[in-house]
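need coordinates for the following:
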Amino acid sequence: MIAIDGRDPTPIYAQLERGLRAAIAAGRLRPGDQLPTVRQLAVDLRVNANTVARVYLELERAGVIETRRGVGSFIRATSSQAHSPRERDRRLRAFVTRVLADAEAAGFTIGDVVSALRAHHPSSRHSSTSSAGIESGRGPAAAGRRERVRG
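Model (predicted):
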């Protein structure tokens, strides 16, 4: 299920957490699946049981797994919920960078992109983007403020 690379400079607990999250994201572990006990996984991976216990506790705090006393630990998160907040932020930044680069190449402004997103996803029409410095790009006033999308 999970492999630990002793030559990898990444700490073992981080490799284990990343491996479990990746298994969930890939669908190899699904909500409701039972994880091995801390002791069993530690034996299987030849790591300290405290390391496995630390990872289980962190994943439980993050809502990725749940532990039922006397029963075991179970997957709670779906594949889309399995990514760590840091990984999710990294993926979102990469996605936004790609969108902005494509928009710039096509000659669209940020306002054009935001307006198109709002039109495509009606539930986002009432959310405010002014705090993020993003303007709608609609109307004559906005036309004067338009500038090319910068990466």
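
mind listing what's buried in stretch 69-76?
By 16 or more other C-beta atoms under 10 Å, the buried positions in stretch 69-76 come out as Ser73, Ile75, Arg76. For glycine as for every other residue, the C-beta is placed from the backbone atoms N, C-alpha and C.

go on, stretch 37-51?
Val38, Leu41, Ala42, Leu45, Val47, Thr51.

any chance of the buried residues of stretch 69-76 in CSV, plus secondary structure, distance to Val113 and pLDDT?
Shown next, in CSV, are those (DSSP: H, G, I helix; E, B strand; the rest coil; distance: C-beta to C-beta, whole Å; pLDDT from 0 to 100):
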residue, secondary structure, distance to Val113, pLDDT
Ser73, strand, 42, 97
Ile75, strand, 36, 97
Arg76, coil, 35, 95
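
switch those over to JSON lines; also include distance to Arg90.
Below are those laid out as JSON lines (distance: C-beta to C-beta, whole Å):
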{"residue": "Ser73", "distance to Arg90": "27"}
{"residue": "Ile75", "distance to Arg90": "23"}
{"residue": "Arg76", "distance to Arg90": "23"}
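
which one of these is nearest Ile24?
For the buried residues of stretch 69-76, the closest approach to Ile24 (C-beta to C-beta) belongs to Ile75, at 6.0 Å.

partners of the closest one in the sheet?
When bridges are called by DSSP bridges, Ile75 pairs up with Ile65.

do you know how far it is from Val96?
29 Å (C-beta to C-beta, to the nearest Å).

hey, where'd the helices end up in the chain?
12-25, 38-45, 49-61, 85-106, 110-120, 139-145 (DSSP state H).

tell me the contacts of Arg28?
When contacts are counted by C-beta atoms under 8 Å, 6 or more residues apart in numbering, Arg28 touches Met1.

so what pLDDT did it get?
pLDDT, Arg28: 94.

same question for Ala143.
Predicted confidence (pLDDT) at Ala143: the value is 41.

what's the answer for Ser84, then?
Predicted confidence (pLDDT) for Ser84: 81.

same question, Arg150
Here, the pLDDT recorded for Arg150 equals 46.

going forward, begin numbering at 313 instead of 1
All right, first residue 313 from here; so that's Arg462.
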